[in-house]
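K.L.:
A structural model of the following input is requested.
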Amino acid sequence: MISTQAIGEHQKLRTSPTTEPMPHHQVMQNMDRNACSLVVCGPAEPGLPGRDGKDGIQGPKGDMGAQGIAGPRGIVGPPGRMGPIGPEGEKGSQGVQGEKGDVGEMGPRGIRGLQGPPGSPGPAGAKGDRGPQGEKGVTGETGPMGAPGAPGPQGRTGTPGPKGDNGSVGEKGAKGEVGDRGLQGSTGMPGPMGKTGSPGLQGMKGSIGEKGTKGDSGLSEVNLMKQQVSALQGQLTMLQASLAKFQKVAAFPSGQIVGNKAFVTSGYEGNFDDLRQRCLQAGGQLASPRNAAENAAIQQIVILHKNAVFLGINDIQTEGRFKHLNGEPITYSNWQQGEPNNDKGKENCVEIFVNGKWNDRSCGETRLILCEF
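P.N.:
Next up is the predicted model:
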């Protein structure tokens with residue numbers, strides 16, 4: 001039996017001028033829903049227009065169809081505004097320490113950092129062994145003369161010096177008035193024999209006088225006189241030598257006198273042989289100190305002229321045996337530490353520095369002349 005609803009829907013499908021023809025699959029679905037629709041097996045004749053179906057009952061909702069194929073992904077929209085910062089969460093519990101990872105490859109070397117501040121000095125190390133003695137350096141130039149020091153305290157009174165030579169004989173004084181005749185003195189020394197006079201007339205023979213007492217022999221008095229004359233001549237020679245020496249010293253204001261020695265310089269410079277010859281020509285010799293006092297006097301001249309001098313000392317004849325120019329071995333010396341060393345086998349002469357110390361030096365070097373009288 002065909003329901004009224006089915007007939008109405010069928011007519012609606014056929015006669016509604018405003019409705020498009022129903023697809024074939026939808027007709028088949030309607031046929032499945034209502035068995036009565038199977039009666040329709042061909043096109044019907046057009047009938048009267050049906051109602052608009054607005055007053056029809058809404059059918060049941062169909063089942064949801066299967067999900068379609070996903071469409072293409074749309075363009076990413078602009079980022080949204082940043083939301084407000086949420087409250088800080090509580091600190092989570094410490095996780096279990098993981099296993100140690102493999103050592104990674106060494107990264108590139110970083111830029112060198114700034115130098116740090118110097119560390120505190122470490123403790124002093126142990127004293128090292130003494131190194132070998134270095135080669136002798138070149139003698140430096142003499143430094144400028146220092147300012148004179150404060151006067152030292154007065155020294156002790158020295159021992160009395162040796163007795164000086166007798167002074168020279170003074171000029172003869174004026175003849176005095178004749179005095180009263182004194183008592184007859186002892187017989188004087190016989191004077192020199194005069195020239196033989198012309199023979200006089202022979203006199204008359206006198207009376208024989210009394211025999212006198214035997215007198216003393218005059219031979220001893222003559223010998224004593226000769227000895228006194230010889231001593232005076234020796235003293236005169238010494239006085240003349242001393243006078244010549246002091247005349248030479250007076251010509252050199254920078255000289256120094258120690259005892260019976262005088263050390264002088266003219267400022268001339270030359271090698272050892274040249275200086276020795278010049279001192280001999282002047283009547284002296286190269287300065288050769290025999291004690292500390294003479295060495296100090298030579299040192300003062302070296303300081304004044306700011307130049308080292310050659311001494312009259314060498315070991316030219318025998319290496320290492322230093323002697324004075326007269327061949328006597330030296331008994332006093334004031335060597336610089338480490339000297340003499342005969343550097344390069346060419347140092348046979350001796351020089352003295354401003355500090356008073358000695359050093360062996362090549363005789364061909366040029367030094368200040370310093371003579372001893």
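
K.L.:
can you give me every residue that contacts residue 311?
P.N.:
For residue 311, the contacting residues are 286-289, 298, 349-352, 358, by Cβ atoms under 8 Å, 6 or more residues apart in numbering. From N, CA and C alone the C-beta is placed, and that goes for glycine too.

K.L.:
select from these every entry located in strands.
P.N.:
286, 349-352, 358 (DSSP state E).

K.L.:
of all those residues, which comes closest to residue 334?
P.N.:
residue 358 (5.3 Å; Cβ to Cβ).

K.L.:
how close does the nearest residue to the closest one once chain neighbours are set aside get to residue 292?
P.N.:
Once flanking residues are discounted, residue 358 sits nearest to residue 335: 4.9 Å by Cβ to Cβ, 6 or more residues apart in numbering. Counting by Cβ to Cβ, to the nearest Å, the separation of residue 335 from residue 292 is 13 Å.

K.L.:
who's more crowded, these two?
P.N.:
residue 335 (14 against 11; other Cβ atoms under 10 Å).

K.L.:
and the more buried one, what pLDDT?
P.N.:
Looking at residue 335, its pLDDT reads 96.

K.L.:
repeat that for residue 101.
P.N.:
Residue 101 is assigned 81 on the pLDDT scale.

K.L.:
which of the helices or strands spans it?
P.N.:
Counting by DSSP states H and E, there is no helix or strand that carries residue 101.

K.L.:
the domain parsing of this structure - what is it?
P.N.:
1-52, 245-372 (automatic domain parsing).

K.L.:
comparing these by mean pLDDT, which bottoms out?
P.N.:
Lowest mean pLDDT within these: domain 1-52, a mean of 50.

K.L.:
those helices in the chain, which residues are they?
P.N.:
Along the chain, counting by DSSP state H, helices occupy 4-15, 24-33, 219-250, 272-281, 292-305.

K.L.:
enumerate every residue touching the closest residue in space to residue 356 that isn't next to it in sequence.
P.N.:
Nearest-residue entry for residue 356: residue 299, 4.0 Å, with adjacent residues in sequence omitted and distances by Cβ to Cβ, 6+ apart. By Cβ under 8 Å, 6+ apart, the contact set of residue 299 is 352, 354-356.

K.L.:
any idea which of those residues is closest to residue 120?
P.N.:
Using Cβ to Cβ, those come closest to residue 120 at residue 355, 40.8 Å.

K.L.:
the closest one: how many residues sit nearby?
P.N.:
When neighbours are counted by other Cβ under 10 Å, residue 355 comes out with 10.

K.L.:
so who does it touch?
P.N.:
By Cβ under 8 Å, 6+ apart, residue 355 lies in contact with residue 299.

K.L.:
distance-wise, check it relative to residue 135.
P.N.:
21 Å.

K.L.:
same thing with residue 67?
P.N.:
Distance from residue 67 to residue 135, by Cβ to Cβ: 106 Å.

K.L.:
which residues does the residue nearest to residue 358 contact?
P.N.:
Residue 335 is in contact with 357-359, counting by Cβ under 8 Å, 6+ apart.

K.L.:
which among those residues count as buried?
P.N.:
For those, a burial check counting by 16 or more other Cβ atoms under 10 Å picks out 358-359.

K.L.:
could I get the contacts of residue 335 as TSV with distance to residue 234?
P.N.:
Converted to TSV, the contacts of residue 335 look like this (distance: Cβ to Cβ, whole Å):
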residue	distance to residue 234
357	40
358	36
359	41
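
K.L.:
returning to what we had before: list just the nearest of the contacts of residue 299 to residue 306.
P.N.:
residue 354 (7.2 Å).

K.L.:
what number of residues lie near the closest one?
P.N.:
18.

K.L.:
isn't it right up against residue 300?
P.N.:
No - contact status for residue 354 versus residue 300: not in contact, 9.8 Å apart, counting by Cβ atoms under 8 Å.

K.L.:
all strands for the stretch 51-200 of the chain, in order.
P.N.:
Assigned by DSSP state E, counting those that start in this stretch, the stretch 51-200 of the chain shows no strands.

K.L.:
how much space between residue 117 and residue 123?
P.N.:
To residue 123, residue 117 is 19 Å away according to Cβ to Cβ.

K.L.:
if you could redo that for residue 298, that was the one I meant.
P.N.:
The gap separating residue 298 from residue 123 is 49 Å, by Cβ to Cβ.

K.L.:
okay, the two: which has more neighbours?
P.N.:
Set residue 298 next to residue 123 and count neighbours by other Cβ under 10 Å: residue 298 wins out with 22 against 4.

K.L.:
any idea how far the closest residue to residue 362 other than its chain neighbours is from residue 276?
P.N.:
Nearest residue to residue 362, sequence neighbours excluded (Cβ to Cβ, 6+ apart): residue 346, at 4.8 Å. Counting by Cβ to Cβ, the gap from residue 346 to residue 276 is 18 Å.

K.L.:
the two: which is more packed in?
P.N.:
residue 276 (21 against 13).

K.L.:
how about that one, nearest residue that isn't a chain neighbour?
P.N.:
residue 286 (5.4 Å).

K.L.:
wait, the one you found sits on residue 278?
P.N.:
No - using Cβ under 8 Å, residue 286 makes no contact with residue 278, being 9.2 Å away.

K.L.:
overlap in contacts of those two?
P.N.:
By Cβ under 8 Å, 6+ apart, the residues touching both residue 286 and residue 278 are residue 371.
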